[in-house]
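1. Got a predicted structure plus its sequence, pasted below:
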Amino acid sequence: MGASALRMHHPAMKTFQTGRRRLFRPNLLASLAALAVLGTSASVANAQGNYPITPQQRATAQATAQAGIPVSELAPGAPDEYTIKSGDTLWAISRMYLRSPWRWPELWGMNMSDIKNPHLIYPGQVLFLDKTDGRARLSTRAGSGSGGTIKLSPRTRYESLAGMALPTLKPSLIEPFLSEPVVVDENTLANAPRIVAGNDNHVLLARGDRAYAIGGAEGELIEQPGPIKQFRVFRNATPLVDPGTGEVLGYEAQYLGRSQLQRSQTVESQMQDGKLVTAVVPATIDLIAAKEEIRAGDRLLPEPPRQLVSYAPRAPAGPVDGGRIVSVYGNAVTFAAQNQVVAINKGLRDGIASGDVLAILKNGEVITDRTNGTKETLKLPNERIGLLMVFRPFEKVSYALILEISDVPKAGDLLVNP
């Protein structure tokens, strides 16, 4: 296939011919509305740009494209020119230009004349900020003249764009938690298969050890044709209690590691003292990953398939009332740091979705005022101390990533619309 045919039939390739001053960029003029994609289908999804843009977000972007945004709404120190680098994220770039980083549709709208695909952005793209007549617009073109945004040597270059698109946030901050914590009902772990012993009488088990398990639903520990069955190992279904209402929102299972089935659980019959005795023979499992030491009594839940997950930071669709941080993820952790995961008391039933950004309010202390010669009880104001983004909602509870803080969040702190 010739070079021209390759350019026509492979939209996931970018082709530059700077010697002839020809520039083919079918996917390069991509937006700052890049969505993080985690999972085995990430490259395919990136190339196709198959991400959701709501009508409201598109309308916001179109309105901004017409008029720009007031210069007063730009972040302090927003650069006049910025070159996208490997390792950048949508959140960081949005924060660089906007006081409210989750308002990414407006950032996209500042650049809609150049950007036709609102989903992808790549290292090397140059952004130019135009501040004219008190309105700000973002472009990939310097003024109205030059369209050259990437400097290349005078030669033809072919590069695959699959997997190069910038994520919303650094995937390493979220990806482990897509499989680690799990919220279950009261009986899920109690009815799950359990480890009963380790090989060679080992009490504490680690990666590479063999163990034995029984129980679970019928056929759960039985080998079947196809891929080897894999299980995640959990312990301690800890209740997640709403700090405001006292409602038990679910049970957080502590993630320990992963295992795979090697031999099925069976039933064995044999004669003992002239009687036929039937006994269960535990299944054999191998531990293929261990975050912590595993022991008898720990439970097995089937490994779920990897999912295509996308995030677009945004304000929630409706008002959030009574939101609170329930707990900080991790053993015996009381306070949260930036880039740490917390559980919150809002979930799917409350209209919460992946990507929703909430502001964290420090709950004002109740004090006794003695400055006027009397004792008067006062409650100090609630202070905004940070932002978090939901990335894994369950029915009544969600996991969220702390994006930025000015103080130390903790369980019980309030959550409101940003």
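-> That came through fine.

2. Which strands or helices does the helix or strand containing residue 91 pack on?
-> According to DSSP states H and E, residue 91 maps onto helix 90-97. For helix 90-97, the contact count by 3 or more Cβ pairs under 8 Å, 6 or more residues apart in numbering; DSSP states H and E identifies helix 104-109 as packing neighbours. For glycine as for every other residue, the C-beta is placed from the backbone atoms N, C-alpha and C.

3. Adjacent strands (with direction) for the next helix or strand after the helix it packs on?
-> For helix 104-109, the succeeding helix or strand toward the C-terminus, using DSSP H and E, is strand 126-132. Sheet pairing of strand 126-132 (DSSP bridges) gives strand 81-83 (antiparallel), strand 135-139 (antiparallel).

4. Same question for the last one: list its buried residues.
-> Spelled out, that is strand 135-139. Across strand 135-139, burial judged by 16 or more other Cβ atoms under 10 Å covers 136-139.

5. lowest-confidence helix or strand of this protein?
-> strand 36-38 (a mean of 30; mean pLDDT, DSSP states H and E).

6. For residue 325, grab the count of nearby residues.
-> 24 (other Cβ atoms under 10 Å).

7. How about residue 359?
-> Residue 359, neighbours per other Cβ under 10 Å, totals 17.

8. can you check residue 257 too?
-> So residue 257, with other Cβ under 10 Å, has 21 neighbours.

9. swap in the one 3 residues further on?
-> Taking other Cβ under 10 Å as the criterion, the count of residues near residue 260 is 15.

10. I'd like to know which elements the helix or strand hosting it is packed against.
-> Assessed by DSSP H and E, residue 260 sits inside strand 248-263. Under the contact criterion of 3+ Cβ pairs under 8 Å, 6+ apart, strand 248-263 touches strand 182-184, strand 230-241, strand 283-290, strand 299-302.

11. For that strand, what does the pLDDT average out to?
-> Here strand 248-263 scores 93 as its mean pLDDT.

12. residues of that strand that come out buried?
-> For strand 248-263, burial by neighbour count (16+ other Cβ under 10 Å) applies to 249-259, 261.

13. Would you mind checking which of those is nearest to residue 335?
-> residue 252 (17.7 Å; Cβ to Cβ).

14. got the contact list for that closest one?
-> Neighbouring residues of residue 252 by Cβ atoms under 8 Å, 6 or more residues apart in numbering: 181-183, 237-240, 327, 343.

15. and the nearest residue to it once chain neighbours are set aside, how many neighbours?
-> The shortest distance from residue 252 to any non-neighbouring residue, by Cβ to Cβ, 6 or more residues apart in numbering, is to residue 238 (4.9 Å). If you count neighbours by other Cβ under 10 Å, residue 238 ends up with 12.

16. So residue 238 is in contact with residue 249, correct?
-> No: assessed by Cβ atoms under 8 Å, residue 238 is found out of contact with residue 249, at 11.4 Å.

17. Can you report phi and psi for the residue nearest to residue 73 when sequence neighbours are not counted?
-> Leaving aside its chain neighbours, residue 73 sits nearest to residue 99 (5.9 Å; criterion: Cβ to Cβ, 6+ apart). Dihedral pair for residue 99: phi -70, psi -30, per degrees, to the nearest 10.

18. Can you give me the pLDDT of residue 99?
-> You'll see residue 99 listed with a pLDDT of 84.

19. what's the spacing between it and residue 136?
-> Distance of residue 99 to residue 136, computed by Cβ to Cβ, to the nearest Å: 12 Å.

20. measure residue 201 to residue 409 for me?
-> Taking Cβ to Cβ, one finds residue 201 at 44 Å from residue 409.

21. before we move on, what about residue 393?
-> To residue 409, residue 393 is 19 Å away according to Cβ to Cβ.

22. just to revisit the earlier point, looking at the buried residues of strand 248-263, which one is closest to residue 293?
-> Comparing these against residue 293 with Cβ to Cβ places residue 256 closest, at 7.8 Å.

23. Give me the neighbour count for the closest residue to that closest one other than its chain neighbours.
-> Nearest-residue entry for residue 256: residue 233, 4.3 Å, with adjacent residues in sequence omitted and distances by Cβ to Cβ, 6+ apart. Neighbourhood size, residue 233 [other Cβ under 10 Å]: 27.

24. Ok, residue 94 next?
-> 22.

25. what do you get for residue 88?
-> 20.

26. Confirm it sits in a strand?
-> No: according to DSSP: H, G, I helix; E, B strand; the rest coil, residue 88 belongs to no strand; its state is coil.

27. ok, now how distant is it from residue 127?
-> According to Cβ to Cβ, residue 88 and residue 127 sit 11 Å apart.

28. Also residue 200?
-> Counting by Cβ to Cβ - residue 200 and residue 127 are separated by 60 Å.

29. more crowded one of those two?
-> Ranked by neighbour count (other Cβ under 10 Å), residue 200 and residue 127 place residue 127 first, with 24 against 7.

30. Report the beta-bridge partners for that one.
-> Note on residue 127: beta-bridge partners by DSSP bridges are residue 82.

31. Same check on residue 230?
-> Applying DSSP bridges to residue 230 gives these bridge partners: residue 260.

32. Neighbours of it, how many?
-> The criterion is other Cβ under 10 Å. On that basis, residue 230 has 16 neighbouring residues.

33. what residues are up against residue 265?
-> Listed by Cβ under 8 Å, 6+ apart, the contact set of residue 265 reads 213-214, 221-222, 280-283.

34. how far away is it from residue 230?
-> If you go by Cβ to Cβ, the gap between residue 265 and residue 230 works out to 16 Å.

35. How about residue 393?
-> For residue 393, the distance to residue 230 (Cβ to Cβ) stands at 24 Å.

36. can you check residue 362 too?
-> Distance from residue 362 to residue 230, by Cβ to Cβ: 42 Å.

37. What of residue 360?
-> Counting by Cβ to Cβ, the gap from residue 360 to residue 230 is 36 Å.

38. Could you do residue 295 as well?
-> As judged by Cβ to Cβ, residue 295 and residue 230 stand 20 Å apart.

39. swap in residue 236?
-> Remark: distance between residue 236 and residue 230 (Cβ to Cβ) = 21 Å.

40. And for residue 297?
-> 20 Å.

41. same question, residue 346
-> Taking Cβ to Cβ as the measure, residue 346 falls 31 Å from residue 230.
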